[in-house]
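Enquirer: Quick one, what's the 3D model for this:
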Amino acid sequence: TRQQTARARRMLQAVDGFKSGASQREIAEAVFRRVPQSRHEWQAASERFAVMDLIKDSLAMIAGGYRKLLRHRRRR
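Expert: Modelled structure (predicted):
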């Protein structure tokens, strides 16, 4: 679906930034194009938690989770 494609793109951006040494805040800025300004706002921001999930999910995909996608059969 369109949402799955968009999430996969964000996952690739997040893991690329993570492996390059970017901070979660820098990744959020690149992926979501906006980041809360203050440290306190960042600690509670939904973007922060989304970045953590994107990194976690993309690392799991790299570790072999992509095989699940390859096994998925589409209904005809």
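Enquirer: Now do the helices in this protein.
Expert: Taking DSSP state H as the criterion, the chain contains helices spanning 2-19, 24-32, 39-44, 46-60, 66-71.
Enquirer: between those helices, which has the poorest average model confidence?
Expert: The minimum mean pLDDT among the helices of the chain belongs to helix 66-71 (a mean of 72).
Enquirer: With just CA atoms, put it into PDB.
Expert: Taking C-alpha atoms only, helix 66-71 is exported to PDB below (Å, rounded to 0.1, in the frame of the first residue of the first chain):
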ATOM      1  CA  TYR A  66      12.900  -8.900   5.100                       C
ATOM      2  CA  ARG A  67      12.400 -12.600   4.400                       C
ATOM      3  CA  LYS A  68       8.900 -12.300   5.700                       C
ATOM      4  CA  LEU A  69       8.200  -9.700   3.000                       C
ATOM      5  CA  LEU A  70       9.500 -12.100   0.300                       C
ATOM      6  CA  ARG A  71       7.300 -15.000   1.600                       C
END
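Enquirer: still on that earlier bit, want to throw the helices of the chain into TSV with mean neighbour count?
Expert: All C-beta atoms are positioned from the backbone trio N, CA, C, and that covers glycine. Formatted as TSV, the helices of the chain follow (neighbours: other C-beta atoms under 10 Å):
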stretch	mean neighbour count
helix 2-19	15
helix 24-32	19
helix 39-44	10
helix 46-60	17
helix 66-71	9
